[in-house]
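1. predicted model, plus sequence, below.
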Amino acid sequence: MNRRLLVLLTLTSALFLAACGAARPSKYYSLDVPAAGPEQSRDAAPATAGARSFTLLVGRIAAPHLYRDDRIVYRTGATQLGAYEYHRWAEPPSDMLEALLLRLLRASGKFASVQALASNAQGDFILRGRLHNFEEVADAALVARVAFELELLDRATGTVVWTHFYSHDEPVAASSKDIQVAAVVEALNRNVRRGLDQALASLDSWFAKNPKK
């Protein structure tokens, strides 16, 4: 009897260890950030001829707790959110948005310098924002929802002189469940780039109308 019990315990332990060894691997994703050139790898931005003499500091992109985590978020109703356990971002969405904003501003060459506020650099303006939505939404159709707002603070006066809000649902082209998350990531990437392009165009228009005295 004891021998049968020992055999049973041995088999149970073996099955448990086998199940642990077959744990599902996590997959990681990132946004498509433009590659940095030699000049962009430094703190100072490569200003082009005719660039404005402003020094622009990029501050933090605030976000709810879910978007400061690395798990990809999905929405299942008007008020219910969840997160994939095995599909994760390489960095939290708020950090990726901040890095992308910094890289695009530097690549524009329209400012004397573009640096991160965390670098303790001195600057004329601080550009900061908040991420409101960054998720998969399964409603009548599968979409990738992005919503964020940006604001420009004039350090000389301590006032917000420009704001921009963006919100858009980007259709997701997923032909099967197996590739759904990857397709959502691609749609989120397109959505973010569209939103930042619109925001930077608006910001550029404001600076054109408000030249530095």
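-> It's in. Predicted model, so just to flag it, every value in this text is computed and none were measured.
2. ranges for the helices of this protein?
-> 2-21, 93-108, 180-209 (DSSP state H).
3. which of those helices has the lowest average pLDDT?
-> For the helices of the chain, mean pLDDT drops lowest on helix 2-21, to a mean of 49.
4. check A118 and give its pLDDT.
-> For A118, the predicted pLDDT is 85.
5. do you know how far the residue nearest to it when sequence neighbours are not counted is from I179?
-> Counting by CB to CB, 6 or more residues apart in numbering, A118 lies nearest to R60, which is 7.8 Å off, once chain neighbours are set aside. C-beta: built from backbone N, CA, C; applies to glycine. Distance, R60 to I179, by CB to CB, to the nearest Å: 34 Å.
6. which one of the two has more residues nearby?
-> Shown here are R60 and I179; by other CB atoms under 10 Å, R60 has more neighbours (15 against 12).
7. per-residue confidence for that one?
-> On pLDDT, R60 comes in at 94.
8. repeat that for A90.
-> pLDDT, A90: 95.
9. next one: F125
-> F125 carries a pLDDT value of 95.
10. beta partners of it?
-> L56, D154 (DSSP bridges).
11. list the contacts for it?
-> By CB atoms under 8 Å, 6 or more residues apart in numbering, the contact set of F125 is F54, T55, L56, L57, L152, L153, D154, R155, V161.
12. same check on E151?
-> Contacts for E151 (CB under 8 Å, 6+ apart) come out as L127, R128, G129, V160, W162, T163, H164.
13. and those residues, which of them are buried?
-> The neighbour-count test (16 or more other CB atoms under 10 Å) marks L127, R128, G129, W162, H164 as buried among those.
14. closest to M96 out of those?
-> Of all these, G129 has the smallest distance to M96: 13.0 Å, by CB to CB.
15. how near is that closest one to A107?
-> From G129 across to A107, the span is 18 Å (CB to CB).
16. cool, S202 as well?
-> For S202 relative to A107 (CB to CB), the value is 17 Å.
17. and the nearest residue to W89 once chain neighbours are set aside, what pLDDT?
-> Counting by CB to CB, 6+ apart, D70 is the residue found nearest to W89 once chain neighbours are left out, at 4.8 Å. At D70, the model reports a pLDDT of 95.
18. and D70, what is it in contact with?
-> Each residue near D70 by CB under 8 Å, 6+ apart is listed here: R88, W89, A90, E91, P92.
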